[in-house]
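**Student:** Predicted model, plus sequence, below.
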Amino acid sequence: MTTISHPAEFTLQRKHTVNRSNAAKWIVSHAARYWPIIIMILIGAFGNAALAAVMPLMVGDAFDQMLMPDPDTSILLPLALLLGGSQVIRGVLQFGRNFGAEIMAQKIERDIRDELYVSLLGKSMTFHNLQPVGDTMARATNDVREVNFMFSPGLNLVAGSLMFLIMPLTFPILPDIFPELFSNWDFLHPSLVFAPVLFTIAYFIFLSNYLKTLSPITDEVRSTFGTMNTHLSEALDGVEIMKGAAQEDAEIDRFVTNARRVRDAFVRQGDLEARFLPNLLLGMTYVVGLVHALFLFRDGLITTGGVVAYFGLLLMLGFPTFASTFAYTQISLGLSGARRILELINRETDLDQNAAGYTGVMRGEIEFRDVSFTYPDPDHGTEGDCVLENISFKVKPGQTVAIVGQTGAGKTSLVKLLNRTYDVSGGQVLVDGIDVREWNLASLRSQISMIEQDIFLFSRSISDNIAFGKPGAGLGEVEAAAESAQAHDFIQSFDEGFETVIGERGVTLSGGQRQRLALARAFLTDPHILILDDSTSAIDSATEDKIQRAVANAARGRTTFLITHRLSQIRWADLIVVLKNGSIAAVGDHNELMRTSEAYARIFRE
């Protein structure tokens, strides 16, 4: 079995490989791992159907026995016990089939959810910037769940219904093929397979057409649901802005429009299900089969018990007819969900983890060599306008570099090329003389720590947030990092101290508190390159001096990049790079640039 692989930032070695060439093969490759359960399901389905078929045959035999001139009623009790016992065994087999199908469905849901989660973690930031979070959540939850339902009850009912379909085709001819084994059921005539054969042929013709028509509808159902979920996610993330602009009514209208599209897709699905032709075909089969049996009875070819037994076998066709409407719809929904999940997993990312790349200890020497960078265009999948162009400068190990410029000059984009959050569109970024693309990505990022202005904190304890980059850190290390970041005092003011659980994204903390926790997280990892992207913008003046000393201590002995507008921080930088419209306007220290660079001087005058 082949595995389709695409470049990813990080991949984990999996014990089992899967075929990702299309959704059906992907699902089959997941299911094949659990072949003992599949055998259990098939045995349960066959046994359940066979014993269901035995019941009308026994009843037909009882009819013939009681219609004899001198009926022997003593056979009724053993026959009833045998009939009851067979149905008890049938119930056990049916339970085994249902239990096996449910276990398999849950295992495959777990495997697919795990595979998708690992894949999402391995995608580049370009992927995550272009992929709506709401749609990703819809695929990771509802679409994965649809795959579960595809197995149970979907494929479980299909396996059972196909076995029920086989029984009326085989039992009328078994006494002729194996006369010694089935001599008690010789009251059936081989020609009675005529009606079931016609039904089966027409059934699969109609079913094939039904599935072809259903597939695009179920694709639309899953797609419209993802769109609705995307809007819901965006509305909740931006609820503060929405309320501040008094746009509740407009957002409600948008959501209602999306919900109406989901409803319309489900209505089209229901309309197709209602016009499922085998429902009409079943009634016609009953008529044809019964008339055929009565003609045979009139000619003396079958007995009254044969007519009763045969019609009981015909009634078994009702289960595949009625179950197929729901079961095959569930399979189609599951395949639609699988296609959406697989599309996400297979979508190419721009970065490769380069597992065989360089893994040495950084000295902190950095060079930007004629670097250009362009963000991809989300609407057309191509490159958009150039963000950085012809950037070239060198940084010695241990130097502190300030990146300054007007808003939109490309400062953050520049530093994100260092840890390969994004890759350059042209030129090279070198760390210790080695192109960052030749570094092992995990090794590169583990030695670079970046603190952004928009701080992200997890809904966990303060201690866990600080130790996120170093999970094995002890409490002493965590507290020392907090003290270095001037965060220890406010943490201790909480009732539970370092074990205080903060809200999602740290909403229960002030901006300055969040930034100090981010600084503590960076200090704990002891990076060789430290990047501070306007990370002290929300710190008050009283705290700023303390933070300045903490940052100065942290910068000692390591290469540090500062993106800031604070003159107090820029002054002590060893090197200042001034960006203007994506290009370097000037490079030098503070005193030099104040004399020679109008662009740099203007920043402070404004």
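**Tutor:** Nice, thanks for sending it over. Note that the structure is a prediction, hence the values are computed from the model and not measured. Residues are numbered from 1 along each chain as shown.

**Student:** any idea how this structure splits into domains?
**Tutor:** 23-346, 366-605 (automatic domain parsing).

**Student:** Tell me which of those approaches Asn354 most closely.
**Tutor:** domain 366-605 (5.6 Å; Cβ to Cβ). In short, each C-beta sits where N, CA and C put it, glycine included.

**Student:** Spatially central residue in this protein, please.
**Tutor:** Ala140 (3.0 Å; Cα atoms, centre = their mean).

**Student:** and that one, what does it touch?
**Tutor:** 113, 116-117, 120, 341 (Cβ atoms under 8 Å, 6 or more residues apart in numbering).

**Student:** so which of those residues comes closest to Arg516?
**Tutor:** Leu120 (29.9 Å).

**Student:** Could you measure from the closest one over to Gly244?
**Tutor:** Applying Cβ to Cβ, to the nearest Å, the value for Leu120 to Gly244 is 31 Å.

**Student:** who are the neighbours of the helix or strand hosting Met104, in terms of helices and strands?
**Tutor:** Element membership for Met104 (DSSP states H and E) is helix 76-122. Where contact means 3 or more Cβ pairs under 8 Å, 6 or more residues apart in numbering; DSSP states H and E, helix 76-122 is packed against helix 23-31, helix 35-66, helix 144-149, helix 156-170, helix 318-346.

**Student:** Taking their axis directions, that helix and helix 35-66 sit at what angle?
**Tutor:** Between helix 76-122 and helix 35-66, the angle comes out at 160 degrees (axes from the mean of the first three to the mean of the last three Cα atoms, to 10 degrees).

**Student:** ok now do Val404, which residues does it touch?
**Tutor:** By Cβ under 8 Å, 6+ apart, the residues touching Val404 are 411, 563-565, 570, 576-579, 600, 603.

**Student:** Tell me, how many residues neighbour the residue nearest to Met104 when sequence neighbours are not counted?
**Tutor:** Using Cβ to Cβ, 6 or more residues apart in numbering and skipping residues adjacent in sequence, the residue nearest Met104 is Ile37, 4.7 Å away. Ile37: 19 surrounding residues under other Cβ atoms under 10 Å.

**Student:** which sections of the stretch 451-600 of the chain are below the confidence cut-off?
**Tutor:** Scanning the stretch 451-600 of the chain for pLDDT under 70 picks out 504-507, 535-547, 549-550, 553-554.

**Student:** can you pull out the helices in it?
**Tutor:** 462-466, 475-484, 488-492, 511-525, 541-555, 567-570, 590-596, 598-605 (DSSP state H, counting those that start in this stretch).

**Student:** re the thing from before, nearest to Gln492, of the helices and strands packed on helix 76-122?
**Tutor:** helix 144-149 (42.8 Å).

**Student:** where in the stretch 101-250 of the chain is pLDDT low?
**Tutor:** Filtered on pLDDT under 70, the stretch 101-250 of the chain yields the residue ranges 181-186, 240.

**Student:** one step back: okay, the helices of the stretch 451-600 of the chain in TSV with distance to Ile173 next?
**Tutor:** Formatted as TSV, those follow (distance: least, Cβ to Cβ, whole Å):
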stretch	distance to Ile173
helix 462-466	69
helix 475-484	77
helix 488-492	81
helix 511-525	75
helix 541-555	85
helix 567-570	91
helix 590-596	97
helix 598-605	93
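
**Student:** In CSV, list those helices along with mean neighbour count and distance to Leu317.
**Tutor:** Output for the helices of the stretch 451-600 of the chain, formatted as CSV (neighbours: other Cβ atoms under 10 Å; distance: least, Cβ to Cβ, whole Å):
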stretch, mean neighbour count, distance to Leu317
helix 462-466, 23, 60
helix 475-484, 18, 69
helix 488-492, 17, 71
helix 511-525, 24, 66
helix 541-555, 16, 77
helix 567-570, 16, 81
helix 590-596, 14, 87
helix 598-605, 14, 82
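
**Student:** Out of those helices, flag the one nearest Leu430.
**Tutor:** Closest among these, once you apply Cβ to Cβ, is helix 541-555, at 21.0 Å.

**Student:** Counting neighbours, what do you get for the residue lying closest to Glu248 once chain neighbours are set aside?
**Tutor:** Counting by Cβ to Cβ, 6+ apart, Met242 is the residue found nearest to Glu248 once chain neighbours are left out, at 6.5 Å. Neighbourhood size, Met242 [other Cβ under 10 Å]: 16.

**Student:** Help me confirm that Met242 comes into contact with Ala235.
**Tutor:** Yes: using Cβ atoms under 8 Å, Met242 is in contact with Ala235, at 6.5 Å.

**Student:** which residues do these two both contact?
**Tutor:** With Cβ under 8 Å, 6+ apart, Met242 and Ala235 have common neighbours Glu251.

**Student:** are any of the contacts of Ala140 buried, and which?
**Tutor:** 113, 116, 120, 341 (16 or more other Cβ atoms under 10 Å).

**Student:** from these, which is closest to Ser332?
**Tutor:** Ile341 (15.0 Å).

**Student:** in stretch 284-293, what counts as buried?
**Tutor:** 285-286, 288-289, 292-293.

**Student:** Now, those residues that are in helices?
**Tutor:** 285-286, 288-289, 292-293 (DSSP state H).

**Student:** Kindly reformat the contacts of Ala140 as TSV and extend each row with distance to Ala552.
**Tutor:** Formatted as TSV, the contacts of Ala140 follow (distance: Cβ to Cβ, whole Å):
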residue	distance to Ala552
Arg113	46
Leu116	44
Tyr117	40
Leu120	38
Ile341	49
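
**Student:** Next, the residue nearest to the centre of the chain: phi, psi?
**Tutor:** phi -80, psi -20 (degrees, to the nearest 10).
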